[in-house]
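J.: could you look at this predicted model? Sequence included:
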Amino acid sequence: MIILILLPFVINNTIFSQADFDEYLSLDIQSENIDLDLISPLRSPVEIPGIVKGTIKASDDWVLFCSADRDFLSREGEMIPIERLAWRIEGEEWVAFEMGEMKLLEGIPTEENGESFSIDLRLDLKWKDNAGDFLTNIDFTLMKK
C-alpha cells in the first residue's frame with residue numbers, strides 16, 4: 001500500500017528594522033510557499049536540499065529564529081506531528097521542528113550584499129498516516145542580538 005501525501009506549507013518572515021541609517025536589519029526569504037508534492041512513506045524520510053533560501057543584511061550582531069505554531073493539518077482534521085519535519089543548514093545534524101521558537105543561525109554584521117543561507121528539510125512519513133493535503137506555517141524572525 002502506498003499513501004501519497006501532499007504537504008504544502010507557508011513560510012512567513014518577520015522583519016524588524018530600524019529607521020536609523022546607521023543601523024539596519026533585513027531578512028529576505030525567497031521561498032514563500034513550499035509544496036513538498038506527493039510523498040510516499042515508501043520513500044520516507046524524504047530529504048529536500050536547499051528548499052528554503054534567504055539573505056540576511058545586518059549592521060549589528062543578529063539571530064535568526066524559526067517557529068511552528070501547529071502540526072500539519074488536513075481539511076478533514078487529520079494530523080501529522082510537526083516533529084516529523086526536520087531542518088539542517090549546510091550539512092549539519094538534522095533538528096526536528098517543535099512547537100515554539102527555535103534558533104537557526106546567528107552572526108555578526110554582514111557585508112553590503114548580505115549573508116545568504118539555505119535550509120534543507122526532511123519529512124518522515126509513516127504508513128499509519130492518512131493520505132491527503134496537509135498544511136502548516138513556519139515563521140522566520142530576524143532579531144538584533
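T.: Received, thanks.
J.: number of residues surrounding I51?
T.: 16 (other C-beta atoms under 10 Å). Any C-beta I mention is one placed from the backbone N, CA and C, and that applies to glycine too.
J.: for this structure, which spans come out with low pLDDT?
T.: 1-21, 32-33, 36-37 (pLDDT under 70).
J.: show me where it has strands.
T.: Secondary structure of the chain (DSSP state E): strands at 5-15, 25-29, 33-39, 46-58, 62-68, 72-74, 79-80, 85-89, 95-96, 100-107, 115-123, 132-135, 137-144.
J.: elements contacting the longest one?
T.: In other words, strand 46-58. Applying 3 or more C-beta pairs under 8 Å, 6 or more residues apart in numbering; DSSP states H and E, we find strand 46-58 packed against strand 25-29, strand 33-39, strand 100-107, strand 115-123, strand 137-144.
J.: of all those, which one is nearest E47?
T.: strand 115-123 (4.7 Å; C-beta to C-beta).
J.: can I get the helices and strands packed on strand 46-58 in a markdown table with distance to V63 and mean neighbour count?
T.: Output for those, formatted as a markdown table (distance: least, C-beta to C-beta, whole Å; neighbours: other C-beta atoms under 10 Å):
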| stretch | distance to V63 | mean neighbour count |
| --- | --- | --- |
| strand 25-29 | 10 | 18 |
| strand 33-39 | 23 | 14 |
| strand 100-107 | 5 | 14 |
| strand 115-123 | 13 | 18 |
| strand 137-144 | 5 | 17 |
